[in-house]
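K.L.:
Need coordinates for the below:
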Amino acid sequence: MVAINVLPERYPLPEWKRFWAAVGGGYEVRFAQDIGKRVAAAFQVRELGTTIIIDRQGSVVYRDWGPTSYGTLARVVDKLL
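P.N.:
Numbering: from 1, shown residues only. Here you go, the predicted structure:
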């Protein structure tokens, strides 16, 4: 899983990692900064909390806006494995 910070100028990486830990983000995550907003533009991210799951062929197979439950993530990813 890669968590991409689309507002690095507003939420510095150390602060974001502390927040992630505080809300129980215990599973393994790679953090990235979207400097220049290229990733957000490419995937049409319009709000914070957007979840996008991409399959091995590079197709978006899941998208939502707002908190995504672990159960939802597991169900979608299990279908891809």
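
K.L.:
which regions of the chain sit below the pLDDT cut-off?
P.N.:
For the chain, applying pLDDT under 70 flags the ranges 26-27.

K.L.:
secondary structure class for residue 64?
P.N.:
Secondary structure, DSSP: H, G, I helix; E, B strand; the rest coil: residue 64 is strand.

K.L.:
ah, wrong one, I meant residue 21
P.N.:
helix.

K.L.:
For it, grab the count of nearby residues.
P.N.:
Neighbours of residue 21 under the rule other CB atoms under 10 Å: 10. Using the backbone N, CA and C atoms, a C-beta is placed for each residue, glycine as well.

K.L.:
now do the one 4 residues further on
P.N.:
When counting by other CB under 10 Å, one arrives at 13 neighbours for residue 25.

K.L.:
With residue 64 instead?
P.N.:
14.

K.L.:
do the one 5 residues further on as well
P.N.:
Neighbouring residues of residue 69 were enumerated by other CB under 10 Å; the total is 9.

K.L.:
what do you get for residue 60?
P.N.:
So residue 60, with other CB under 10 Å, has 11 neighbours.

K.L.:
Now do the phi/psi pair for residue 45.
P.N.:
When read as degrees, to the nearest 10, the backbone of residue 45 gives phi -80, psi 120.

K.L.:
and the closest residue to it other than its chain neighbours, what does it touch?
P.N.:
Using CB to CB, 6 or more residues apart in numbering and skipping the chain neighbours, the partner closest in space to residue 45 is residue 6 (6.0 Å). By CB atoms under 8 Å, 6 or more residues apart in numbering, residue 6 lies in contact with 34, 37, 39, 40, 45, 48.

K.L.:
Equivalent analysis for residue 77, please.
P.N.:
Shown in contact with residue 77 (CB under 8 Å, 6+ apart): residue 53.
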